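Undergrad: Need a 3D model of the following:
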Amino acid sequence: MAHFAEIDENNKVLRVVVACNDDIANNGGEQSVQAATHFENTVPLSPLGVKWVQTSYNNNFRKHFAGPDHTYDEAKDKFIAPKPYPSWTLDANDDWVSPVGAAPALTAEQEADNANTYQYEWNETDQQWDLITTSFSGE
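TA: Below is the predicted model:
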């Protein structure tokens, strides 16, 4: 199935709607203006919508599968995910990164631990990655 994101005047995604693949193929094909126009004639825009832009569920084009609050960058022809934290910035690939880089990797011992799970979460207040440990009690 093909998918189209409805974009508002600020290039924010309002919603994503499924389209028939045959309709896309018969009206200009993937990522075409003709397919978007046909889709707009089939599924009218909401009061805040200004256009439909096709998005890829498998991230085959336009970087991300669009979702609410994503932004469509028309110059780069891609969808940008919402900013996860105020301190994060976009890198050259248009991925959000923390001011201190990626989360640390788990150790081999942490990976092999069957009694606990470990994951890093961003701490915006302290501007650091915090290790979160969840213990499982066996019964």
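Undergrad: In this protein, mark out all the helices, start to finish.
TA: Applying DSSP state H to the chain gives helices spanning 21-25, 33-42, 108-112.
Undergrad: and of the ones you listed, who's closest to residue 8?
TA: helix 33-42 (14.3 Å; Cβ to Cβ). Where you see a C-beta, it was placed from the backbone N, CA and C, and this is true even at glycine.
Undergrad: can you give me how far that closest one is from the chain middle?
TA: 23 Å (Cα atoms, centre = their mean, to the nearest Å).
Undergrad: quick check: domain ranges of this structure?
TA: What automatic domain parsing lists as the domains of the chain is 2-82, 100-139.
Undergrad: just those domains: most buried one?
TA: domain 2-82 (a mean of 16; mean count of other Cβ atoms under 10 Å).
Undergrad: if we can go back for a sec, reformat the helices of the chain as a markdown table; add mean pLDDT.
TA: Putting those into a markdown table (pLDDT from 0 to 100) gives the following:
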| stretch | mean pLDDT |
| --- | --- |
| helix 21-25 | 80 |
| helix 33-42 | 82 |
| helix 108-112 | 94 |
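Undergrad: In JSON lines: the ones you listed, plus distance to residue 130.
TA: Formatted as JSON lines, the helices of the chain follow (distance: least, Cβ to Cβ, whole Å):
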{"stretch": "helix 21-25", "distance to residue 130": "44"}
{"stretch": "helix 33-42", "distance to residue 130": "43"}
{"stretch": "helix 108-112", "distance to residue 130": "14"}
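Undergrad: Which one, of those helices, ends up nearest to residue 86?
TA: Comparing those against residue 86 with Cβ to Cβ, the closest turns out to be helix 108-112 (29.0 Å).
Undergrad: quick one: contacts of the closest one?
TA: Defining contact as Cβ atoms under 8 Å, 6 or more residues apart in numbering, one finds that helix 108-112 is touched by 116, 118.
Undergrad: Put the alpha carbons of it into PDB.
TA: Output of helix 108-112 as PDB, limited to C-alpha atoms (Å, rounded to 0.1, in the frame of the first residue of the first chain):
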ATOM      1  CA  ALA A 108      29.200  -7.900  27.200                       C
ATOM      2  CA  GLU A 109      28.300  -8.600  30.800                       C
ATOM      3  CA  GLN A 110      25.200  -6.400  30.600                       C
ATOM      4  CA  GLU A 111      24.200  -8.000  27.300                       C
ATOM      5  CA  ALA A 112      24.600 -11.500  28.800                       C
END
